[in-house]
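K.L.:
the amino acid sequence is not available; the structure is as follows:
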């Protein structure tokens, strides 16, 4: 079935086109089921690929390229043909991502049938969702970086469309522009990195670039620049600090859209690209270090903001940013497997959290958690599934998040203790605020009786996806961690030149086959390497610290009023304001824009007053002066000379005329007589 | 011998009368001297043996033109002009012109010094008449036309506008 | 008598006529001087005819023509003079300077 892998991105494209252009808008249109059918088909294909790989039937990585276009050119006397290829490259992480993306997308679309069922643009929503999924799948499978970048940009487009889905309100309009522009800022870095890689390697094909790096053909300086460019792109798309300002505002869009895009898939694209181009980072240790620190800072800042937020979706948005910071930190610390493992588990439980939040919002018609409370009595399935998700994200065994988070902490411990401790703190903060969310929403007394009485469980099209995702959130972590499957699914790439002598067999194991994988990863940076966490941490984190954080949250927020929380807030009110204002990042960007405005105004002023006055007007004035002088000379000297000559001629003529011609005919006769005399004498005598 | 005397006296008459024409203050005297000069020329014609020319000269010039000039002189009156000089201020230049020209003309004339009279003159009237109506018929007719034009022109120029007399 | 004698006479008569034409202030004086010039030319013609071609008489014929033309000319001249005198009351040629300039 893997030879049909190229269909996986194409089927949703076709579906989206049919949905968008197949019929007019209709709140009860049947077209969305086409999208769901397409996604189910893709899911089936993805399962077949993944199952085949895990079971041993399918050999990955699988690459198949077609020549798209080529042009012949002559450079330096040599003529050659440059082909542009398009195709699929499926390695184990890609296979996992295929499964994750198609599953989450399918769940979201089923959910949306119910959630969006009365919307004016019901049909269009599904077109966008299908199109988005197609773009994401395209990025996952693409073997060509440029095509992948095109899919990246298409994801940005559909994200824009979905965030601003309800564009009649000003909020979504502002949010969609902010998201687009912030991610575009990051994309510029990624694009420059792509161009640099092309210039250095002469190709856009991922496997060929990997080979170039593996043979040590790329200078460290170029690799570092490219790595930073890629990092910058990931910062934009995966909302790392300081470009994370767009993700909280992106919650203006429909919740299932947020679940798909801003929780599980699109924001993971940045992490995904970093992992695809991990060999570039391996050649640029400085960029790896930067990635680790950026990830840590992002995780911490976002977790802090989530502590004080009362909007349920916003808490989840901050949580997403924080978890993405975890993933980026893991990748930076060399924990490739840990990062991608967490990406997978995060997709499940974050999608679940968003969909559950959507279910709650649909039920009580508010996002404000202060107006919720005690909903566990009304919405049992939603409560149960969300509790599962909260346990997963907090890192409580045996739920999914525990295994992946544990792996990340081990990677950090092995890389740099200075990163480990803040990361641990952030993990505890995560547990705290997620429990807070759960308690505020579902437990305790109802704070708004009206809403509470109107609350009801959501229909099955909403609850079934929740249950499916809850199952995965429960078992996926254990299943992947079992039997070292994680190492097989997310094998860490290497650079042959940087490999230790121990692992020479890895040099030609760039395509890991199923059997030899386990031995392959015995390098010092391995996540399951020499050093595990000390046992008091290994047992203490899940056994003591996390439950402690959760219980703290439980007791603080369980009552109708939260005196302790408010007390802490008022005591540390500057910090609270800082967090409320989102670390003043928005203000910083606006100030930057204003500064640029000022610079532009200054440049304009200089242009108008200095350049125009001095150079343009001054030049004109100079020309005028020269012209005036010339004119003066012309009038005074030249003209008077001309006039003088003319006057002289006239005067001469008049003088001569009046000398000779005075009207006396006898005089004229006399002149004739003189002539006659002369003639007579001269002719007759000579 | 007689020839010489006749010739010289007639020449003197002609030339002196001509001088009188151009030098006299009184225009009437000038016109009279003109008549005298013209008569002298007629005499010279006779000395040359051109009898018809002599007669024509007397008839046309002396009694025609000279008399006409006299008429007009007297018609114009101007008796009070006697005190004005009749010679303009450029007489010296004119004298110089005449002097210079005379040099040439006289030298030309003196080249013919050796020519003598070729023979007796014939009566010319018959021959001239024959020529007029023979070889020179066209100029003859044209001249008559010219005279007609002159006649008409004279009448035209001297015609006075007369007022209508109320009857 | 030689031709030269007659030529000298006619030349002197002509020059006197020229002198008069250039010098006389009165228009009639100028006209009379012109008559003198005419006569000088006629005399020349007749003399040449007599001395060189006595049988042809062409010269005399031409002299007749000249005489006729002179007559016509003086008639018209006098008529003009009368007309001018009637309009401007002067017979002095220096008073007519319309050709001035």
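P.N.:
Structure's in. What do you need? Nothing here was measured: the structure is a model prediction, and the numbers come from that model.

K.L.:
pretty sure residue A:79 sits in a strand.
P.N.:
Yes. Using DSSP: H, G, I helix; E, B strand; the rest coil, the assignment for residue A:79 is a strand.

K.L.:
ok, it - contacts?
P.N.:
Counting by C-beta atoms under 8 Å, 6 or more residues apart in numbering or on different chains, residue A:79 touches A:72, A:73. Any C-beta I mention is one placed from the backbone N, CA and C, and that applies to glycine too.

K.L.:
also residue B:106?
P.N.:
Neighbouring residues of residue B:106 by C-beta under 8 Å, 6+ apart: C:8, C:11.

K.L.:
which helix or strand contains it?
P.N.:
Per DSSP states H and E, residue B:106 falls inside helix B:91-110.

K.L.:
cool, residue A:74 as well?
P.N.:
Per DSSP H and E, residue A:74 falls inside strand A:62-75.

K.L.:
then residue B:155?
P.N.:
Following DSSP H and E, one finds residue B:155 within helix B:137-158.

K.L.:
now for that helix, which elements pack on it?
P.N.:
If you count contacts as 3 or more C-beta pairs under 8 Å, 6 or more residues apart in numbering or on different chains; DSSP states H and E, helix B:137-158 packs onto helix C:58-88.

K.L.:
how about a cut-off of 10 Å?
P.N.:
Judged by 3 or more C-beta pairs under 10 Å, 6 or more residues apart in numbering or on different chains; DSSP states H and E, helix B:137-158 is in contact with helix B:125-133, helix C:58-88.

K.L.:
reformat these as CSV; add mean pLDDT and mean neighbour count.
P.N.:
Output for these, formatted as CSV (pLDDT from 0 to 100; neighbours: other C-beta atoms under 10 Å in any protein chain shown):
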stretch, mean pLDDT, mean neighbour count
helix B:125-133, 88, 15
helix C:58-88, 92, 19
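
K.L.:
of all those helices, which lies closest to residue A:217?
P.N.:
Nearest of the helices and strands packed on helix B:137-158 to residue A:217, taken as C-beta to C-beta: helix C:58-88 at 122.9 Å.

K.L.:
the closest one near chain A at all?
P.N.:
No. Using C-beta under 10 Å from any C-beta of the partner chain, helix C:58-88 never reaches chain A; the gap is at least 12.3 Å.

K.L.:
now that helix against helix B:137-158, angle please.
P.N.:
Angle, helix C:58-88 to helix B:137-158, by axes from the mean of the first three to the mean of the last three C-alpha atoms, to 10 degrees: 10 degrees.

K.L.:
on that earlier part again, report the rounded mean pLDDT for the helix holding residue B:106.
P.N.:
Average pLDDT, helix B:91-110: 86.

K.L.:
any buried residues in that helix, and which?
P.N.:
Buried residues in helix B:91-110, counted by 16 or more other C-beta atoms under 10 Å in any protein chain shown: B:91, B:93-94, B:97-98, B:100-102, B:104-106, B:108-109.

K.L.:
then stretch A:73-93?
P.N.:
Residues A:85, A:86, A:87, A:88, A:89, A:90, A:91, A:92, A:93 are the ones in stretch A:73-93 that count as buried (16+ other C-beta under 10 Å).

K.L.:
so which of these sit within helices?
P.N.:
Judged by DSSP state H, those include A:92, A:93 as members of helices.

K.L.:
make a markdown table from the buried residues of stretch A:73-93 and add distance to residue A:552 and pLDDT to it.
P.N.:
As requested, these are arranged in a markdown table below (distance: C-beta to C-beta, whole Å; pLDDT from 0 to 100):
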| residue | distance to residue A:552 | pLDDT |
| --- | --- | --- |
| A:85 | 56 | 86 |
| A:86 | 53 | 88 |
| A:87 | 52 | 88 |
| A:88 | 48 | 90 |
| A:89 | 47 | 89 |
| A:90 | 45 | 89 |
| A:91 | 42 | 87 |
| A:92 | 40 | 88 |
| A:93 | 37 | 89 |
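
K.L.:
kindly list the longest helix within chain A.
P.N.:
In chain A, taking DSSP H as the definition, the longest helix is helix A:170-201.

K.L.:
next, count neighbours for residue A:656.
P.N.:
Burial of residue A:656 is recorded as 10 neighbouring residues (other C-beta atoms under 10 Å in any protein chain shown).

K.L.:
is it in a helix, a strand, or coil?
P.N.:
Residue A:656 ends up helix, using three-state DSSP.

K.L.:
for the helix holding residue B:106, what is the distance to the chain centroid?
P.N.:
Centroid separation for helix B:91-110 versus its chain: 21 Å, with C-alpha atoms, centre = their mean, to the nearest Å.

K.L.:
what's the answer for stretch A:8-28, then?
P.N.:
With C-alpha atoms, centre = their mean as the basis, stretch A:8-28 stands 25 Å off its chain's centre.

K.L.:
now stretch A:186-197
P.N.:
From the chain centre to the centre of stretch A:186-197 is a distance of 12 Å (C-alpha atoms, centre = their mean).

K.L.:
avg pLDDT for it?
P.N.:
The average pLDDT within stretch A:186-197 is 92.

K.L.:
using JSON lines, lay out the buried residues of helix B:91-110 together with distance to residue A:167.
P.N.:
Formatted as JSON lines, these follow (distance: C-beta to C-beta, whole Å):
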{"residue": "B:91", "distance to residue A:167": "121"}
{"residue": "B:93", "distance to residue A:167": "116"}
{"residue": "B:94", "distance to residue A:167": "119"}
{"residue": "B:97", "distance to residue A:167": "118"}
{"residue": "B:98", "distance to residue A:167": "123"}
{"residue": "B:100", "distance to residue A:167": "120"}
{"residue": "B:101", "distance to residue A:167": "121"}
{"residue": "B:102", "distance to residue A:167": "126"}
{"residue": "B:104", "distance to residue A:167": "122"}
{"residue": "B:105", "distance to residue A:167": "125"}
{"residue": "B:106", "distance to residue A:167": "129"}
{"residue": "B:108", "distance to residue A:167": "126"}
{"residue": "B:109", "distance to residue A:167": "130"}
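
K.L.:
closest one of those residues to residue B:2?
P.N.:
The nearest member of those to residue B:2, counting by C-beta to C-beta, is residue B:109 at 23.3 Å.

K.L.:
surely residue A:234 and residue A:278 touch.
P.N.:
No. At 11.6 Å, residue A:234 does not count as touching residue A:278 under the criterion of C-beta atoms under 10 Å.

K.L.:
overlap in contacts of those two?
P.N.:
Shared contacts of residue A:234 and residue A:278 (C-beta atoms under 10 Å, 6 or more residues apart in numbering or on different chains): residue A:331.

K.L.:
more neighbours: which of the two?
P.N.:
residue A:234 (31 against 25).

K.L.:
now the more buried one: closest residue in space, sequence neighbours ignored.
P.N.:
residue A:270 (3.4 Å; C-beta to C-beta, 6 or more residues apart in numbering or on different chains).

K.L.:
could you measure from the residue of chain B at minimum distance from chain A over to chain C?
P.N.:
Proximity of chain B to chain A (C-beta to the nearest C-beta) peaks at residue B:104, 3.8 Å away. Remark: distance between residue B:104 and chain C (C-beta to the nearest C-beta, to the nearest Å) = 9 Å.

K.L.:
wait, that residue sits on residue C:11?
P.N.:
Yes. The pair residue B:104 / residue C:11 is scored as a contact, 9.3 Å apart, by C-beta under 10 Å.

K.L.:
which neighbours do these two have in common?
P.N.:
Residues touching both residue B:104 and residue C:11 by C-beta under 10 Å, 6+ apart: residue A:680.

K.L.:
gap between the nearest residue to residue A:678 once chain neighbours are set aside and chain C?
P.N.:
Leaving out its chain neighbours, the residue that sits closest to residue A:678 by C-beta to C-beta, 6+ apart is residue B:100, at 7.4 Å. The gap separating residue B:100 from chain C is 10 Å, by C-beta to the nearest C-beta.
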